[in-house]
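Asker: Quick check, what structure comes out for this input:
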Amino acid sequence: MDVCDKAAWAYLGRSSSSIISEVTSLWVTGCFHEDGLADSADGIGGGWTSEQILKIMTDTRLGTYGCAILLLYMIGKVELIAILGKSIWVLGKCQGGGPAIVVTHTLSRLVAPMMVRTRDYVDEQGPKYRFYSFFLQAKYLVTWSRVVFATMTSLIVASIAYGVVKGAILISAVMVMAFFSGRYADYLLGGVMGDYLGATICVTEVYLLTIILLFNKLEDHLILFEEIVSVFSEVTTGDTSASGLMKSLMQSDSVFSLLKAVSVVLFTHVWCRNVGHSPVFVRKAVSEREPTDEIQISLVGPVAGDDTNVSNALEAFLADKNNNFSQRFNAVREYLDSLAKPVGSLGTLEDWASRLASIQRSITPKADRVACILFAADHGVAKDIADGGMSCSAYPASVSKKIVLGLDKGLAGACVLAKCNDVDLRVIDVGLADGLSKCEWTGKIARSSKSKIIGGTKNFCTSNALSSEEVDQCIRAGKMETAKTIDELGCDVVVFGEVGIGNTTTSATLISCLTGKNPSDLCGSGASTSRDGVNEDIVTKKISIVEEAIKYHGASKLKGQPYKALKAVGGAEIAAIVGGMLEASERNVVVLVDGFICSTAAMIACLINPMVSRGLLFATESTEKGQAVALEEIAKIALANSIPPPEGPALRMKLRMGEGTGGLSAVPLARTACATLSIGTLEEVLNLEGTNGYER
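Answerer: Residues are numbered from 1 along each chain as shown. As a prediction, this is how the structure comes out:
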């Protein structure tokens with residue numbers, strides 16, 4: 001056997017080994033990342049707008065672009081592993097395909113936590129929504145400390161294989177990939193999503209294999225570089241003519257190959273700029289979107305006037321897992337329009353009925369089992385100036401603890417309203433300061449969370465109110481308490497409320513930071529000492545406090561960044577409510593939203609996960625101006641994600657007590673909304689004969 005045959009057989013052996021390793025990888029991961037690569041290629045290749053790209057990406061079918069890119073990825077990866085050659089396992093000086101596979105598989109996964117932590121997650125609402133829905137909250141579980149730990153672990157793996165210097169280069173390459181891929185995701189989709197993360201991992205594997213190949217073939221590349229410098233030096237000195245240059249390039253296989261690669265890149269760039277679609281994706285406004293082909297049920301059954309047939313058709317439609325929330329909501333609204341009443345005449349009750357039926361996937365939704373969870377915490381900004389605070393409220397900060405004590409004894413307003421409406425009341429201390437005596441509760445109504453922020457938040461005018469860990473801690477506390485309540489009571493509806501002197505100032509600051517709105521358009525009197533609830537001196541003081549906080553933190557850095565805003569401003573009970581709303585949405589439980597503070601928490605929850613907006617029932621209009629801004633932002637988020645925006649507050653009774661009292665007062669309305677779906681159809685009523693004896 002000659003040398004060429006031996007080389008061919010050796011290459012064939014390496015190729016076979018690399019194919020086996022790739023097949024094993026696909027089997028172990030379940031083709032999870034490769035599926036993302038194919039779907040992303042289909043979306044980016046076939047879509048012209050962000051909306052189209054996302055819609056194509058969430059389709060589970062494999063398209064032409066996906067097939068092409070998947071094939072190119074497989075061939076490229078197998079070839080790179082084969083070229084790397086025989087595995088040599090030496091500490092810090094590994095070579096060949098084996099070590100490269102281990103290192104690239106480890107390091108490529110690092111881009112996922114980096115991108116999830118630094119970018120917003122796009123809600124896809126496609127067939128894989130339930131699988132990927134966890135990622136909507138993963139950003140707040142993937143802390144920086146965890147990202148650093150993953151990075152250091154990856155660095156150790158790379159250093160063991162290739163040495164510290166090369167390991168550091170590979171980690172730097174991963175960071176660069178995560179940054180630019182994240183930027184591109186923001187440009188295309190407004191954030192990252194599951195399939196895109198999988199695609200990035202695949203591309204990073206090939207990217208890292210290429211870098212490792214450069215490490216191993218460094219001498220060859222130095223020779224190539226010397227050849228290029230030599231050829232062009234001869235041209236610049238006049239020793240070689242243009243024809244001589246071309247001849248020299250043609251004679252050098254390496255240089256000629258490089259020229260061909262550069263030519264392909266230039267040609268592709270020119271083609272995309274002049275022949276392909278615009279490099280800037282036009283994000284159509286919601287009002288300009290073309291109508292989607294949504295499945296609609298027919299409200300005219302085979303037998304005209306057969307109410308049972310119509311309701312059964314709607315029940316089946318609601319139960320069908322292939323129908324998304326918007327389709328179910330519109331179907332229920334269409335059904336309500338067919339009932340024996342003027343179209344839309346029950347106003348907000350119809351919106352509530354549609355949300356309850358769509359969330360619960362039933363034509364007979366329930367609001368019988370209702371729980372109210374109040375989260376309590378103190379705010380550093382509410383402390384006396386002598387204690388390092390800003391005295392932002394008409395009441396001292398110590399009042400928060402007294403209110404919870406009253407709740408625990410069954411004497412406060414929320415206790416009375418909860419009992420009146422047959423609602424289970426729970427009060428969770430997530431950050432009350434002990435003061436002169438330790439906070440001790442009976443556990444019957446009030447108790448301290450295991451994740452309590454000791455001493456409450458810090459003054460956000462002079463520092464961050466919470467640390468990153470404390471924000472995560474509060475969100476987790478809210479999620480855990482809500483999950484526990486829903487599991488124990490089987491809740492149909494959850495009401496959230498709060499206790500915390502100074503939290504209207506905190507809420508106004510949060511909204512201003514997240515939206516860029518002027519503090520004067522957000523601040524009200526808060527807990528006022530006057531009957532009419534107006535205290536201009538307090539309003540003026542609050543505006544100056546919010547402005548000072550914005551100046552300290554830099555509002556532009558926090559706009560649209562819910563996690564950073566909670567860290568900068570707080571408060572602990574608001575973050576807990578955010579966590580509770582996220583958990584309720586995940587469990588398909590409708591939320592009755594109280595006044596200003598809870599509306600602020602709802603806005604933040606929607607920024608984290610737009611799907612939260614599906615199940616929000618706004619109970620009461622607050623006297624605080626900032627609530628209207630929060631509701632406007634929630635409506636924008638819902639529309640941007642093709643979700644019907646929630647109706648405005650149902651009650652306009654100048655309620656400003658807090659403690660979830662507005663939400664508790666609206667519980668009977670939620671039950672009334674459920675009952676509206678029992679109204680007979682218009683056709684049924686028109687077909688009635690006689691005046692007595694008719695039964696539905």
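
Asker: any low-confidence regions in this structure?
Answerer: 1-32, 47-52, 58-61, 123-141, 216-262, 264-265, 267-308, 435-439, 525-534, 690-696 (pLDDT under 70).

Asker: my guess is Asp429 meets Lys450, correct?
Answerer: No: in terms of Cβ atoms under 8 Å, Asp429 does not count as a neighbour of Lys450; the distance is 10.7 Å. Heads up, the C-betas are built off the backbone N, CA and C, glycines and all.

Asker: The two - which one has more neighbours?
Answerer: Set Asp429 next to Lys450 and count neighbours by other Cβ atoms under 10 Å: Asp429 wins out with 26 against 11.

Asker: who's in contact with the closest residue to Val427 other than its chain neighbours?
Answerer: Taking Cβ to Cβ, 6 or more residues apart in numbering, and ignoring the residues beside it in sequence, Val427 has Ala446 as its nearest neighbour in space, at 3.9 Å. Neighbour list for Ala446: 376, 404-405, 407-408, 427-429 [criterion: Cβ atoms under 8 Å, 6 or more residues apart in numbering].

Asker: Same check on Ile403?
Answerer: 376, 412, 499, 659 are the contacts of Ile403 under Cβ under 8 Å, 6+ apart.

Asker: now the residues you listed in TSV, with secondary structure, neighbour count and distance to Asp320?
Answerer: Below are those laid out as TSV (DSSP: H, G, I helix; E, B strand; the rest coil; neighbours: other Cβ atoms under 10 Å; distance: Cβ to Cβ, whole Å):
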residue	secondary structure	neighbour count	distance to Asp320
Ala376	strand	31	42
Ala412	coil	24	45
Val499	strand	30	42
Glu659	coil	27	40
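
Asker: and Val430, that's in a helix?
Answerer: No: assessed with DSSP: H, G, I helix; E, B strand; the rest coil, Val430 is strand; it does not lie in a helix.

Asker: What is the burial count for it?
Answerer: For Val430, the number of neighbouring residues by other Cβ under 10 Å comes to 29.

Asker: how about it, what does it touch?
Answerer: Counting by Cβ under 8 Å, 6+ apart, Val430 touches 375-377, 449, 451-453, 474, 477-478, 572-573, 576.

Asker: right, and the pair among those residues with maximum separation?
Answerer: Ala376 and Ser451 (13.3 Å; Cβ to Cβ).

Asker: picking up where we left off before, and the two most separated of the contacts of Ile403?
Answerer: Across the contacts of Ile403, the two lying at the largest distance from each other (Cβ to Cβ) are Ala376 and Ala412, at 11.2 Å.

Asker: coming back round to it: and which of the contacts of Ile403 is nearest to Phe329?
Answerer: Distance to Phe329 across those (Cβ to Cβ) is lowest for Glu659, with 30.8 Å.

Asker: So that closest one sits against Phe375, correct?
Answerer: No: look at Glu659 against Phe375 with Cβ under 8 Å: they stay out of range, at 10.7 Å.

Asker: which residues do those two both contact?
Answerer: The overlap between the contact sets of Glu659 and Phe375 (Cβ under 8 Å, 6+ apart) consists of 497-499.

Asker: of those residues, closest to Val165?
Answerer: Glu498 (53.1 Å).

Asker: what about that closest one, which SS state?
Answerer: strand.

Asker: Can you show me the strands along the stretch 401-550 of the chain?
Answerer: With DSSP state E, counting those that start in this stretch as the criterion, the stretch 401-550 of the chain has strands at 424-431, 446-448, 493-499.

Asker: Which strands and helices lie in contact with the last one?
Answerer: Where contact means 3 or more Cβ pairs under 8 Å, 6 or more residues apart in numbering; DSSP states H and E, strand 493-499 is packed against strand 370-377, helix 399-408, helix 468-489, helix 572-586, strand 590-593, helix 596-608, helix 661-665, helix 667-675.

Asker: and if we set it to 7 Å?
Answerer: Judged by 3 or more Cβ pairs under 7 Å, 6 or more residues apart in numbering; DSSP states H and E, strand 493-499 is in contact with strand 370-377, helix 399-408, helix 572-586, strand 590-593, helix 596-608, helix 661-665.

Asker: What are the phi and psi values at the closest residue to Ala477 other than its chain neighbours?
Answerer: Here the nearest residue to Ala477 in space, its sequence neighbours aside, is Ser451; by Cβ to Cβ, 6+ apart that works out to 3.9 Å. Per-residue torsions, Ser451: phi -100, psi 20 (degrees, to the nearest 10).

Asker: Could you tell me how far Ser451 is located from Asp472?
Answerer: According to Cβ to Cβ, to the nearest Å, Ser451 and Asp472 sit 9 Å apart.

Asker: again with Gly680
Answerer: For Gly680, the distance to Asp472 - Cβ to Cβ - is 51 Å.

Asker: And the two? Which one has more around it.
Answerer: Neighbour tally, Gly680 and Asp472, criterion other Cβ under 10 Å: the higher count belongs to Asp472, 23 against 15.

Asker: my guess is that one contacts Ser145, does it?
Answerer: No: counting by Cβ atoms under 7 Å, Ser145 is not a contact partner of Asp472; they are 9.8 Å apart.

Asker: how big is the angle separating whatever helix or strand Ala150 lives in from helix 468-489?
Answerer: Counting by DSSP states H and E, the element that carries Ala150 is helix 144-162. Counting by axes from the mean of the first three to the mean of the last three Cα atoms, to 10 degrees, helix 144-162 lies at 110 degrees to helix 468-489.

Asker: Now helix 144-162: buried residues?
Answerer: 147, 150-151, 154-155, 157-162 (16 or more other Cβ atoms under 10 Å).

Asker: Let's have those residues in a markdown table, adding distance to Trp89.
Answerer: Formatted as a markdown table, the buried residues of helix 144-162 follow (distance: Cβ to Cβ, whole Å):
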| residue | distance to Trp89 |
| --- | --- |
| Val147 | 29 |
| Ala150 | 24 |
| Thr151 | 24 |
| Ser154 | 19 |
| Leu155 | 19 |
| Val157 | 13 |
| Ala158 | 14 |
| Ser159 | 14 |
| Ile160 | 10 |
| Ala161 | 9 |
| Tyr162 | 12 |
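
Asker: From the opening residue of stretch 650-663 to its closing one, how far?
Answerer: 10 Å (Cα to Cα, to the nearest Å).

Asker: can you give me the helices for the stretch 1-150 of the chain?
Answerer: 3-29, 32-46, 50-57, 64-84, 97-108, 111-118, 129-132, 135-138, 144-162 (DSSP state H, counting those that start in this stretch).

Asker: how distant is the last one from the center of its chain?
Answerer: Pointing back at helix 144-162 there. Between the centre of helix 144-162 and the centre of its chain there are 26 Å (Cα atoms, centre = their mean, to the nearest Å).

Asker: which strands and helices sit next to the very next helix or strand once past that helix?
Answerer: Following helix 144-162 in sequence order, the next helix or strand is helix 164-189 (DSSP H and E). Applying 3+ Cβ pairs under 7 Å, 6+ apart, one finds that helix 164-189 contacts helix 50-57, helix 97-108, helix 111-118, helix 144-162, helix 194-216.

Asker: one more time with 6 Å
Answerer: Helix 164-189 makes packing contacts with helix 50-57, helix 111-118, helix 144-162, helix 194-216 when contacts are defined by 3 or more Cβ pairs under 6 Å, 6 or more residues apart in numbering; DSSP states H and E.

Asker: buried stuff in that helix?
Answerer: Quick answer for helix 164-189 (16+ other Cβ under 10 Å): 166-167, 169-171, 173-174, 177-178, 181-182, 185, 188-189.
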